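Asks: Provided below for reference: sequence and predicted model.
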Amino acid sequence: MLASLIRLHVWVTRINDAWNMAVDINLKGVYHGMRAAIPLMEEQGAGVIVNISSGAAVSVLEGWTHYCATKAAVLSLTRGAHKEYADKGIRVVGLSPGTVATEMQILIKASGINPVSQLDPSVHISPERVGEAIAWLCTEAGREYDGSDLSLRDENVRRAIGLT
C-alpha cells in the first residue's frame with residue numbers, strides 16, 4: 001500500500017512539475033517579456049512584439065494538454081495586448097511556426113504520444129526560417145497580421161515571406 005502511494009505521489013508530482021514548467025515558460029515568460037518591453041515601446045511611440053504561438057493553441061493534441069493550454073493563453077494574450085496597445089503604436093502579433101527542427105522534436109518523436117511524434121524529421125522547418133518570419137513580421141509587410149496569429153503552415157504565407 002505504501003509503495004503504491006509513493007508511486008502515485010511521484011506520478012502526480014511529475015504531472016504538476018510539467019504543468020508548472022509549461023506555464024512558467026510558455027505563458028509567464030511571454031507575459032514578463034511583454035511587461036518589460038511595452039513601457040520602452042510606449043516611450044519611443046512604436047514597437048513590434050512577436051509572440052511564438054502554436055497550432056496547438058487551437059488544435060489540442062493528446063498528451064499535450066499543458067502545452068496546448070499555455071499556447072492558447074499566449075494567443076489570447078497576443079490578441080488582447082494588441083487591442084490594448086495598438087493605439088500607442090505597439091503592434092503585437094503571434095507566429096505559429098509549425099514543427100521546428102529542435103531538441104523538442106527529438107523528444108516528441110521519442111514519446112510516440114500523438115501524430116506529431118510520427119512526423120518525418122524532414123518536414124520540420126529550421127530555426128533560421130522562424131527567425132526570417134519574425135523579422136518579416138516586424139516590417140510593414142507583416143502589419144496585416146497584427147493582433148492575430150500567422151501560421152507558417154500556410155503556403156501563401158511562406159511565399160509572401162520568401163520561405164519557399
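Replies: Okay, I see it.
Asks: can we go C-alpha only for contacts and neighbour counts from here?
Replies: OK.
Asks: Give the full set of residues in contact with residue 143.
Replies: 91, 137 (Cα atoms under 8 Å, 6 or more residues apart in numbering).
Asks: Can you report phi and psi for it?
Replies: phi -60, psi -30 (degrees, to the nearest 10).
Asks: Residue 58 now?
Replies: Note on residue 58: backbone dihedrals following degrees, to the nearest 10 are phi -120, psi 0.
Asks: any idea how far residue 38 is from residue 160?
Replies: Taking Cα to Cα, to the nearest Å as the measure, residue 160 falls 28 Å from residue 38.
Asks: which of these two has more neighbours?
Replies: Neighbours around residue 160 and residue 38, counted as other Cα atoms under 10 Å, are more numerous at residue 38. The numbers are 20 against 13.
Asks: And the contacts of the helix or strand where the more buried one lies?
Replies: With elements delineated by DSSP states H and E, residue 38 resides in helix 29-44, which encompasses its position. Contacts made with helix 29-44 from outside it, assessed by Cα under 8 Å, 6+ apart, are listed as 47, 49, 51, 74, 77, 88, 89, 90.
Asks: how near is the fifth one to residue 137?
Replies: In this view, residue 77 and residue 137 are 17 Å apart by Cα to Cα.
Asks: what do you get for the third one?
Replies: Per Cα to Cα, residue 51 is found 11 Å from residue 137.
Asks: Mind listing the shared neighbours of these two?
Replies: Shared contacts of residue 51 and residue 137, defined by Cα under 8 Å, 6+ apart, comprise residue 93.
Asks: Low-confidence ranges, this structure, go.
Replies: 1-12, 99-112, 114-124 (pLDDT under 70).
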